[in-house]
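Enquirer: Predicted model and sequence follow; I will ask about them next.
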Amino acid sequence: MFKRSALVIGGLLILLLVLGGIKYQQIQQGMAQLASFAPPPATISVVEAKSEQWRPEIASVGTLTAKAGIEMSAEVSGLVEGLYFRSGQKVNKGDLLLQLDDGVEQANLQSYRAQAELAKVKFERNQTMFERRNISETEFDESSANLKVALAAVAQTEATIDKKAVTAPFSGVLGIRKVDLGQYVQAGESLVTLQDVSSLYADFSVPEQYLPSLYVGQTVLFRTSAYSDVDFQGKVIALDAKVDENTRNIAIRAEVPNSDGRLTPGMYADIRLLKRDPINPVTVPSTAITYSPFGDAVFVVRKDNEGQLRAYRQYVKVGERRGDTVAVMSGLTAGEQVVTAGTMKLANEALVQLAKQ
């Protein structure tokens, strides 16, 4: 009985060993096939890295202001007797815009002129009599003072009459009219805006670290929301005398020609301030750059020792960006083939194939 059981157990062990050996051989063959399996090459697009000459730029934002801009108002109160402009009209320096009623002042002027004439006659008569010693010096001084008072009253009334006529202090474009004929206006009340838009100022600021790169005459390029595809150009005409101690920025003013009238005071400006000396960076499309916490990189395509195309990761130092183009300051050489499409599916030294054009 014991022999029989031993034979059965021995047969089972032998069977298990044979089955285990067969399974082990199958596993080894599967692992060998898996080790020899290579994924198909990734399909990518490449461009050649190029060396270009760029003028370094300092980015900022600013506001356009009129070279001269005011709120027109009368210096004295009065009833509007004449309106000689319309909203949006272009005017020249000295053009009459508005006339206030000056009837009372004109009447007073006639009275003061008559009084001045009388005072003049008395003064001349007393002057002759004083030279002959017929009157006292006190009487002569009194007639002289009366003449001066009368002439001052005339001059004062003429000045008031002149203030009743509102004229353009400089050439420009009027805004929307805020007054009507027959309306009573107070001194200092806004009548209309006047803006000289033949050229504008672009006011902006940059961090103090750029101070050594700033100079009068520096070229400024900018775009506005209204003309997002147009580069307007101006020149720096002034730098502030000090750095703002709160923001650590320095204020800059540039003058911008506006002969075509497309620009308007108050517009937002996306500004690029060009530095003096050009640089020659290697440039690539922005899609070629892969960003990560470990550093920015590109994938460069070249053949390995067996002649197969592979993508190699190269860490680079990224500089300025202009539109869809990025300047690479180091880590890349002009002429190298850089991956621009398909970077997300690449690992270092991955096999690749070029997409058909």
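Expert: Okay, I see it.

Enquirer: pLDDT below threshold where in the stretch 1-150 of the chain?
Expert: Filtered on pLDDT under 70, the stretch 1-150 of the chain yields the residue ranges 1-8, 10-12, 18, 29-39.

Enquirer: Going by residue numbers, what spans are helices in it?
Expert: 2-36, 103-131, 137-163 (DSSP state H, counting those that start in this stretch).

Enquirer: Looking at those helices, which is nearest to residue 352?
Expert: Nearest to residue 352, of all these, is helix 2-36, at 20.2 Å by Cβ to Cβ. No exception for glycine: its C-beta is placed from N, CA and C like everyone else's.

Enquirer: what's the neighbour count on residue 71?
Expert: Using other Cβ atoms under 10 Å, the number of residues around residue 71 comes to 13.

Enquirer: where's it relative to residue 234, distance?
Expert: Residue 71 sits 26 Å away from residue 234, taking Cβ to Cβ, to the nearest Å as the criterion.

Enquirer: related to what we said a few turns ago, can I get the helices of the stretch 1-150 of the chain in a markdown table including distance to residue 227?
Expert: Formatted as a markdown table, those follow (distance: least, Cβ to Cβ, whole Å):
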| stretch | distance to residue 227 |
| --- | --- |
| helix 2-36 | 61 |
| helix 103-131 | 49 |
| helix 137-163 | 41 |
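
Enquirer: Residue 344 is nearest to which of those?
Expert: Comparison of those against residue 344 by Cβ to Cβ identifies helix 2-36 as nearest, at 25.2 Å.

Enquirer: mind saving the C-alpha coords of stretch 202-212 as CSV?
Expert: Extracted in CSV, the C-alpha atoms of stretch 202-212 (Å, rounded to 0.1, in the frame of the first residue of the first chain):
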residue,chain,number,x,y,z
ALA,A,202,2.6,107.9,-25.5
ASP,A,203,3.1,107.8,-21.8
PHE,A,204,4.4,104.6,-20.1
SER,A,205,6.9,103.3,-17.6
VAL,A,206,9.5,100.5,-17.3
PRO,A,207,11.3,98.9,-14.4
GLU,A,208,14.4,100.8,-13.1
GLN,A,209,16.6,97.9,-14.2
TYR,A,210,16.3,99.1,-17.8
LEU,A,211,17.5,102.6,-17.0
PRO,A,212,21.0,102.1,-18.6
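
Enquirer: got the buried residues for that stretch?
Expert: By neighbour count with 16 or more other Cβ atoms under 10 Å, stretch 202-212 contains the buried residues 202-206.

Enquirer: Quick one: distance of it to the chain centre.
Expert: 12 Å (Cα atoms, centre = their mean, to the nearest Å).

Enquirer: when you give positions from now on, start the count at 32
Expert: Sure, I'll start counting at 32 from here, so that last one is stretch 233-243.
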